[in-house]
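Novice: Sequence isn't available, so here's the structure alone:
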């Protein structure tokens, strides 16, 4: 029995040894790319460039020399693993500075926004930094070489690292809000953040939670949140009914722009407060998170929606022609019957009819058209301004005729891209929204 055991151990050892001899080496890829990305040859690198819309590469050697080149030149660059177990590069058409020995890693710069870290103030996107920019900041410029109209920039490691975010700025608040890509929020002092923030070559985190990526650092953050809707819904009962009006896409930037153009309409009757939305700033996350005081975990199939905690008998939910969430209460859907390009007038008339019903404990009304128009024409377009004024009439009339407690909130704002609007990333325009539960 012992002999066979020893033979088995020897066979297993030889298998691992041979596998290690045959296994291809791996080169780490850092920067604007998912954590733990590796390549095993030039073809892998080309695939990554296409998959992640990579613009530039910074190739860094173990002796702290780096060269930056455009991804357009990747077909002219040879990435080779030599017998001495070192990664090298070379090219016959690019400047000689691309002939590098003993590469430590390659950093990549992507067109995607999802990898960057944002620093907000109360009124502006103060700073954005990507992992690629952070890595590149640790190197100083040596010079530029050109051959065949192809320019390559050479760098050398700086003597010391430095914070390139402005969190050392003495004008910042003592307490900051950090938001993770998971949606989790955490208050932290500026001093503790400086001590505990750590860069992992592809993302930032606090030292004690290395896999929990920080996406936003918010100075002078709004104290109100759309999660406050959760608290308000908990107070609802037959003696304390509530009208909850969800105005999709009504961000602070959009409503302030409407004010400046005298297009605010009846929204000027409400005491709107700035409120932070959830991350990522998308409608489906808002539906789930305002039903739960914690952060969103997409993998949790039992995550509660906005209606999950309610123990009410008379709930009316009014939506457009489709819904985005499960509900134990009936949902009235609406189509654009009069073909005027919006369903909000039908939603308004349906809600108006529901007001005549007795004993409603919660009336939930979701207006979509401001978001629809802002997506199509841009958040600052005349079309969006007109739609804000148009929808304000519906909201004001409903709250007036309801005559009881109400709350108005939005799920996100939008930012401009070319001639349209979008949202879903760590921009102040997307994250800073509004909430109101009283008239002025």
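Specialist: Nice, thanks for sending it over. Note that the structure is a prediction, hence the values are computed from the model and not measured.
Novice: Helices of the stretch 301-440 of the chain, start to end?
Specialist: Secondary structure of the stretch 301-440 of the chain (DSSP state H, counting those that start in this stretch): helices located at 344-354, 369-377, 382-402, 428-431.
Novice: do you know which of those lies nearest residue 237?
Specialist: helix 382-402 (16.2 Å; C-beta to C-beta). No exception for glycine: its C-beta is placed from N, CA and C like everyone else's.
Novice: Looking at the closest one now, give me its mean pLDDT.
Specialist: The pLDDT scores in helix 382-402 average 98.
Novice: Touching that helix from outside, list them.
Specialist: Contact with helix 382-402 is made by 243, 245, 247, 250, 254-255, 257-258, 261, 263-267, 269, 342, 344-345, 347-348, 351-352, 355, 363, 365, 367, 369-370, 373-374, 376-378, 406, 408, 421, as judged by C-beta atoms under 8 Å, 6 or more residues apart in numbering.
Novice: One more: stretch 349-365?
Specialist: In contact with stretch 349-365 (C-beta under 8 Å, 6+ apart) are residues 233, 236-238, 241-246, 306-307, 310, 312-318, 332, 334, 347-348, 397-398, 401-402.
Novice: sorry, back to before: tell me which of the helices of the stretch 301-440 of the chain sits most buried.
Specialist: Mean neighbour count (mean count of other C-beta atoms under 10 Å) peaks for helix 428-431 among those, with a mean of 24.
Novice: For the stretch 1-150 of the chain, which residues score under the pLDDT cut-off?
Specialist: Applying pLDDT under 70 to the stretch 1-150 of the chain picks out residues 1-24.
Novice: Selecting buried members of the contacts of stretch 349-365 in PyMOL, what would you type?
Specialist: Only the buried entries of these go into this PyMOL selection, using 16 or more other C-beta atoms under 10 Å:
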select buried, resi 233+236+241+242+243+244+245+246+306+307+310+312+315+316+317+318+334+347+348+398+402
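Novice: From the contacts of stretch 349-365, which land in strands?
Specialist: 242-246, 315-318, 332 (DSSP state E).
Novice: could I get those residues as TSV with distance to residue 131 and pLDDT?
Specialist: As requested, those are arranged in TSV below (distance: C-beta to C-beta, whole Å; pLDDT from 0 to 100):
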residue	distance to residue 131	pLDDT
242	44	95
243	45	96
244	40	95
245	40	96
246	36	94
315	46	92
316	47	93
317	42	92
318	44	94
332	47	94
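Novice: so where is the stretch 201-350 of the chain shaky, pLDDT-wise?
Specialist: 287-304.
Novice: make it 50
Specialist: Residue ranges of the stretch 201-350 of the chain with pLDDT under 50: 292-299, 301.
Novice: Please parse this protein into its domains.
Specialist: Domain assignment for the chain by automatic domain parsing gives 27-112+135-156, 224-436.
Novice: can you give me the strands in the stretch 151-300 of the chain?
Specialist: Taking DSSP state E, counting those that start in this stretch, the strands of the stretch 151-300 of the chain run over residues 175-180, 185-189, 197-199, 204-206, 214-218, 224-225, 242-247, 273-276.
Novice: and the nearest residue to residue 179 once chain neighbours are set aside, what does it touch?
Specialist: Nearest non-adjacent residue to residue 179, counting by C-beta to C-beta, 6 or more residues apart in numbering: residue 216, 4.1 Å away. Contact analysis of residue 216 by C-beta under 8 Å, 6+ apart lists 117-120, 177-179, 279, 426, 431.
Novice: tell me what the helix or strand where residue 134 lies is packed against?
Specialist: Here residue 134 sits within helix 131-137, counting by DSSP states H and E. If you count contacts as 3 or more C-beta pairs under 8 Å, 6 or more residues apart in numbering; DSSP states H and E, helix 131-137 packs onto strand 27-31, strand 54-61, strand 103-110.
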